[in-house]
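Participant: Just need the structure, nothing else, for what follows:
(one chain, ligands or ions: 2)
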Amino acid sequence: MKVSQIAGFLGSGKTTALMKIGEGLVKKGCRIAIVVNDVGEISIDSKFVEANGLEAREIAGGCICCQIAGSFAETLVKLHEGFNPEIVIVEPSGVAIPWGLKRAAEYSEAKSDMSIEHAPVITLVDATRIDMLMKAVRRLVETQIREADVCFVNKVDAAKAEDIAKTEELIRNINPRAEIAHLSSVTMEGMDLIYDIIVNRISPRYDDAVEEELLRKEYDKRG
Ligand SMILES: Nc1nc2c(ncn2[C@@H]2O[C@H](COP(=O)(O)OP(=O)(O)OP(=O)(O)O)[C@@H](O)[C@H]2O)c(=O)[nH]1
Ligand SMILES: [Mg+2]
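Facilitator: Ligands and ions are numbered 1, 2, ... in the order given. Have a look, this model is predicted:
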């Protein structure tokens, strides 16, 4: 079972994008489940989910990557033994750390006869709020960018050109190895690329050494 995570700070457009992605991939014939870990109110539209032949689960409270890793793994096991999706698209809470979520997903292998593969870690960065993000929650946003394989500058339909350019530059500075692309759930720009990334590419498994390296970089930067 492949796990695809769509990270990004609160309000960066994850749920909106995830619904479009789920719908698009189901249309292409993929068996898709979505898992949302919301800190706030419930946001999955169950009618939408039913109408599109998706399977959805919500994990409420806390952050998937730490406090409730156990229940995330349980959820994956239940999905595997029931609906048996090819791909599970996960929306971690806006404050989750992507690398920790890989480890949490792999816990499920110990609980059931299944193997987990990861799609590239996707982080959405809201170009319409880039100044606010850099002022208010810089550290968290930097971590989500640093741990991404692909960063999407999101809401490009509504963002000013200069803010899009600023967002790209910021991503490049924080994570030079990440691929950068544009996304809009309104115009659907970037959606074909997202489908391709989720279906056709894979990202490495959790590795202590890599996490240590990521933490070290973060620590060095903080001085
Ligand atoms: N213009 C524009 N607005 C968007 C786009 N995607 C999402 N939004 C809006 O951004 C707001 C937040 O979107 P959500 O999808 O709920 O964001 P989220 O990241 O899931 O938010 P949390 O779950 O609270 O962290 C909503 O008002 C959406 O309508 C986009 O591509 N373009
Ligand atoms: Mg959401």
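
Participant: burial of the residue of the chain at minimum distance from ligand 2, as a residue count?
Facilitator: Using CB to the ion, the closest approach of the chain to ligand 2 is made by residue 15 at 3.2 Å. (Each C-beta comes from the backbone N, C-alpha and C, glycine too.) By other CB atoms under 10 Å, the residues close to residue 15 number 18.

Participant: After the helix or strand in which it is found, heading C-terminal, what element do we hit next?
Facilitator: Residue 15 belongs to helix 14-27 when assigned by DSSP states H and E. Per DSSP H and E, the first helix or strand lying C-terminal to helix 14-27 is strand 32-38.

Participant: any idea how far that following strand is from the chain center?
Facilitator: Here strand 32-38 is found 10 Å from its chain centre; the criterion is CA atoms, centre = their mean, to the nearest Å.

Participant: Spell out which strands sit alongside it in the sheet and which way each one runs.
Facilitator: According to DSSP bridges, strand 32-38 has the following sheet partners: strand 55-60 (parallel), strand 87-91 (parallel).

Participant: Report the angle between the very next helix or strand once past the first one and strand 87-91.
Facilitator: Going down the chain from strand 55-60, the next helix or strand is helix 69-81, by DSSP H and E. Here helix 69-81 runs at 150 degrees with respect to strand 87-91, directions being taken by axes from the mean of the first three to the mean of the last three CA atoms, to 10 degrees.

Participant: And helix 69-81, what does it pack against?
Facilitator: Under the contact criterion of 3 or more CB pairs under 8 Å, 6 or more residues apart in numbering; DSSP states H and E, helix 69-81 touches strand 32-38, strand 55-60, helix 98-111.

Participant: if you set the cut-off to 7 Å instead, what comes out?
Facilitator: When contacts are defined as 3 or more CB pairs under 7 Å, 6 or more residues apart in numbering; DSSP states H and E, helix 69-81 packs onto strand 55-60, helix 98-111.

Participant: Now the element after the longest one, going C-ward?
Facilitator: Yep, that's helix 98-111 we're talking about. Next helix or strand after helix 98-111 toward the C-terminus (DSSP H and E): strand 117-118.

Participant: Need the nearest residue in space to residue 187, chain neighbours excluded.
Facilitator: Leaving aside its sequence neighbours, residue 187 sits nearest to residue 157 (CB to CB, 6 or more residues apart in numbering; 4.9 Å).

Participant: measure stretch 163-183 end to end?
Facilitator: 14 Å (CA to CA, to the nearest Å).

Participant: ok, residues contacting that stretch?
Facilitator: With contact meaning CB atoms under 7 Å, 6 or more residues apart in numbering, stretch 163-183 is reached by 17, 124-125, 127-128, 130, 142, 145-146, 148-154, 156, 189-190, 193-194.

Participant: List the ones among the residues you listed that fall in strands.
Facilitator: 124, 125, 150, 151, 152, 153, 154 (DSSP state E).

Participant: Would you format those residues as JSON lines with distance to ligand 1 included?
Facilitator: Below are the ones in strands among the contacts of stretch 163-183 laid out as JSON lines (distance: CB to the nearest ligand atom, whole Å):
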{"residue": "124", "distance to ligand 1": "7"}
{"residue": "125", "distance to ligand 1": "11"}
{"residue": "150", "distance to ligand 1": "16"}
{"residue": "151", "distance to ligand 1": "14"}
{"residue": "152", "distance to ligand 1": "10"}
{"residue": "153", "distance to ligand 1": "10"}
{"residue": "154", "distance to ligand 1": "6"}
